[in-house]
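Asker: Give me a model of this one.
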Amino acid sequence: MAIDDELFRAVFSAHPAAVCVVTALDAEGRPSGLTTSAVTSLSKEPPLLLVCLGTESRTLRAIRHSGGFAVNFLAVHTEQLAERFAGKSTQKFEGLDWRPSDRASGAPLLPAPHVSAVAECAVLREMPAGDHCVLFGRIEDAAVSGRAPMLYHHRDYIHLPAPVLSAPAASD
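Answerer: Next comes the predicted model:
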């Protein structure tokens, strides 16, 4: 017997997850994006991640067209941005100073103050899974800002302190 929707949501709301905005350019060159926590690392060699998007998503259609996408890992205190991209509006990028990715088919990269990290990906494979599609992305470029990440837990945003980034080890 399968579990019901409410129990499904309860189980996964108990699991803290990074809040991400996945972006791509559509067939007309317009930016598209959505908020998701369904992103995970997959492989170090080659560098791969996976992201799950609803089969009816405009952003999924944009990714299929462009062949690339960016995963913008949101930084703390960007709840309004997360909510903006969680909605159905076609004006999500209005007034947002994004720049196109050089390595992910022009996918929008959100402004640096809003992200803790970003991964620029080429679509490696796509696999249907229920009412979603799993995209396997080959990470072509990435950056880490040093800003603390925003997480989603028990249906609310939580904030971690900024990480202490260690300096690279000196070589002999």
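Asker: Can you list the strands that the strand ranked longest in the chain pairs with?
Answerer: The residue-count maximum for a strand in the chain (DSSP state E) belongs to strand 115-129. Strands flanking strand 115-129 in the sheet, each with its direction: strand 68-74 (antiparallel), strand 132-144 (antiparallel) (DSSP bridges).
Asker: Neighbours of Thr35, how many?
Answerer: As a burial measure, Thr35 scores 19 neighbours (other Cβ atoms under 10 Å). The way it works is simple: take the backbone N, C-alpha and C, and place the C-beta from them, glycine included.
Asker: Quickly list what it is bridged to.
Answerer: The residues paired with Thr35 through beta bridges, assigned by DSSP bridges, are Val21.
Asker: how far away is it from Thr59?
Answerer: Between Thr35 and Thr59 the distance, using Cβ to Cβ, to the nearest Å, works out to 10 Å.
Asker: just Arg9 next, same as before
Answerer: Arg9 is 21 Å from Thr59, where distance means Cβ to Cβ.
Asker: quick one, which of those two is more surrounded?
Answerer: The residue with the greater number of neighbours, taking Arg9 and Thr59 and applying other Cβ under 10 Å, is Thr59; the counts read 24 against 12.
Asker: Keeping just the C-alphas, turn whatever helix or strand the more buried one lives in into CSV.
Answerer: Assigning secondary structure by DSSP states H and E places Thr59 in helix 58-66. Extracted as CSV, the C-alpha positions of helix 58-66 are listed here (Å, rounded to 0.1, in the frame of the first residue of the first chain):
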residue,chain,number,x,y,z
ARG,A,58,8.1,25.3,-18.1
THR,A,59,11.6,25.1,-16.8
LEU,A,60,11.9,21.5,-17.8
ARG,A,61,10.7,22.4,-21.3
ALA,A,62,13.4,25.2,-21.4
ILE,A,63,16.1,22.7,-20.3
ARG,A,64,15.0,20.2,-22.9
HIS,A,65,15.3,22.9,-25.6
SER,A,66,18.6,24.4,-24.4
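Asker: residues in contact with it?
Answerer: Under the criterion Cβ atoms under 8 Å, 6 or more residues apart in numbering, residues 22-27, 32-34, 53-54, 69, 90, 105-107, 123, 126, 133, 135 lie in contact with helix 58-66.
Asker: Next, the angle strand 68-74 makes with it.
Answerer: Angle between the axes of helix 58-66 and strand 68-74 is 140 degrees (criterion: axes from the mean of the first three to the mean of the last three Cα atoms, to 10 degrees).
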